[in-house]
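Peer 1: A predicted structure for the sequence below; I have some questions about it.
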Amino acid sequence: MTTLHPVPEPGLLLRLTGPLQSWGLHSHFNERDTAPFPTRSGIIGMLASALGRHRDQPIDDLTALQLTVRTDRPGVMLRDLHTVGGGLPGKATVTTAEGKKRPGDTGTLLTHRHYLADAAFTIALTTPHGAIENRAILDRCAAALCAPQWSLHLGRRSCPPEGPVLIGQSDDALHHLIHLPLAAPPPRNRESPGRPVEFLGDRPLNHLPAPADTITDTNEDGSHPSAELNDQPLNYHPRQRAYRARPLYRRTLLLPHSQFAGLGIKQLTALGHYRDTRLHTIEGSRR
């Protein structure tokens, strides 16, 4: 038995995992932070890179896509110290905003950069059913992710993804987002019916097609925003970069132990088996 099933939504399913990820939210000058999950600006930027778009090109078709994130492994927050410009002759040191060179002891800059280590996320990029123009951009993005024009990265250029990003394309992407194998080890305590897994979205999450046995009375249904993020990109132009705020919704589902596929080859094998046997056999879905 399941909760009320909304109209299925077509979309792409992506796998975001790698040694390091960094999804900047409030980065400013020498402090480069990361959100604890992929941001809309980071994901849309990755799609634009795959499509080969320059920073001054429009992204309205990409920002129309809706993002839902499943946290397979939250990872560990790391902070790295970088130095810039040290040990160089005066003419080669960092240039100031006025176009001058930093003198003496000010020639070396310290920067702090934050990363998520060993994190793993599965995401769905969806569009309302029947929107032909949005279905077309899904097809173009799927092709671009398989053969990207420019390199893909997990928020920052120094964070390449581990393996292919695209899992597949489906007419019911949110169904598969809930049921795809998780990139996480099985829980040690098997006495509980399942393990809580967090979902995050840019719209209410009470529409998720969650089976009844994954819903607990102690967790919110995700119908109300829990925060607001300034990560909806309006323009990526280096001199005109702009974002606007959007709501963040959270929901926790109790996923069964059998869905936790482990790490490395075990998880990839389970993911490949799911894709080959279920992703394209659900009625109305596509690989």
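Peer 2: Yep, it's here.
Peer 1: quick one: least confident helix or strand in the protein?
Peer 2: Lowest by mean pLDDT, DSSP states H and E among the helices and strands of the chain is strand 31-32, with a mean of 72.
Peer 1: relative to the whole chain's centre, how far out is that one?
Peer 2: Here strand 31-32 is found 20 Å from its chain centre; the criterion is Cα atoms, centre = their mean, to the nearest Å.
Peer 1: spatially central residue in the protein, please.
Peer 2: In the chain, the residue lying closest to the centroid (Cα atoms, centre = their mean) is residue 38, at 3.5 Å.
Peer 1: would you double-check that it falls in a helix?
Peer 2: No: using DSSP: H, G, I helix; E, B strand; the rest coil, the secondary structure at residue 38 is coil, not a helix.
Peer 1: now residue 37: how far from residue 217?
Peer 2: 25 Å (Cβ to Cβ, to the nearest Å). The way it works is simple: take the backbone N, C-alpha and C, and place the C-beta from them, glycine included.
Peer 1: those two: which has the busier surroundings?
Peer 2: Using other Cβ atoms under 10 Å, the more surrounded residue of residue 37 and residue 217 is residue 37, with 23 against 4.
Peer 1: which strands and helices lie in contact with the helix of greatest length in the chain?
Peer 2: When the chain is scanned for its longest helix (criterion: DSSP state H), the result is helix 132-146. Helix 132-146 is packed against strand 11-17, helix 40-51, helix 60-63, strand 166-170, with contacts defined by 3 or more Cβ pairs under 8 Å, 6 or more residues apart in numbering; DSSP states H and E.
Peer 1: buried sites along the strand ranked longest in the chain?
Peer 2: Of all segments of type strand in the chain, defined using DSSP state E, the longest is strand 242-255. Buried residues in strand 242-255, counting neighbours by 16 or more other Cβ atoms under 10 Å, are found at 243, 246, 248-255.
Peer 1: can you redo those as CSV with distance to residue 117 and pLDDT?
Peer 2: Below are the buried residues of strand 242-255 laid out as CSV (distance: Cβ to Cβ, whole Å; pLDDT from 0 to 100):
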residue, distance to residue 117, pLDDT
243, 26, 86
246, 27, 94
248, 23, 96
249, 26, 96
250, 22, 96
251, 25, 96
252, 23, 96
253, 25, 96
254, 26, 94
255, 23, 95
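Peer 1: need the max-distance pair from those.
Peer 2: 243 and 254 (34.1 Å; Cβ to Cβ).
Peer 1: tally of neighbours for residue 235?
Peer 2: A count of nearby residues for residue 235, using other Cβ under 10 Å, gives 15.
Peer 1: and the longest helix of the chain with strand 11-17, angle?
Peer 2: Angle, helix 132-146 to strand 11-17, by axes from the mean of the first three to the mean of the last three Cα atoms, to 10 degrees: 30 degrees.
Peer 1: buried set for helix 132-146?
Peer 2: 134-135, 137-138, 141-142, 144-145.
Peer 1: could you do stretch 39-58 as well?
Peer 2: Of the residues in stretch 39-58, 39-51, 53 count as buried by neighbour count, 16+ other Cβ under 10 Å.
Peer 1: residues in contact with the longest helix of the chain?
Peer 2: 10-12, 14, 47, 50-52, 61-62, 64-65, 125, 127-128, 152, 164-166, 169 (Cβ atoms under 8 Å, 6 or more residues apart in numbering).
Peer 1: for stretch 239-247, same thing?
Peer 2: Contacts of stretch 239-247 (Cβ under 8 Å, 6+ apart): 40-41, 202-203, 225, 227-235.
Peer 1: narrow those residues to those in helices?
Peer 2: 40-41.
Peer 1: identify the farthest-apart pair in the contacts of stretch 239-247.
Peer 2: The most widely separated members of the contacts of stretch 239-247, counting by Cβ to Cβ, are 225 and 235 (24.3 Å).
Peer 1: ok, back up a step: export the buried residues of stretch 39-58 as TSV, with columns for distance to residue 268.
Peer 2: Shown next, in TSV, are the buried residues of stretch 39-58 (distance: Cβ to Cβ, whole Å):
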residue	distance to residue 268
39	26
40	27
41	28
42	23
43	22
44	26
45	26
46	21
47	23
48	27
49	24
50	21
51	26
53	30
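Peer 1: take those and write them to JSON lines, including pLDDT.
Peer 2: Formatted as JSON lines, those follow (pLDDT from 0 to 100):
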{"residue": "39", "pLDDT": "95"}
{"residue": "40", "pLDDT": "95"}
{"residue": "41", "pLDDT": "94"}
{"residue": "42", "pLDDT": "94"}
{"residue": "43", "pLDDT": "96"}
{"residue": "44", "pLDDT": "96"}
{"residue": "45", "pLDDT": "94"}
{"residue": "46", "pLDDT": "96"}
{"residue": "47", "pLDDT": "97"}
{"residue": "48", "pLDDT": "95"}
{"residue": "49", "pLDDT": "95"}
{"residue": "50", "pLDDT": "96"}
{"residue": "51", "pLDDT": "96"}
{"residue": "53", "pLDDT": "94"}
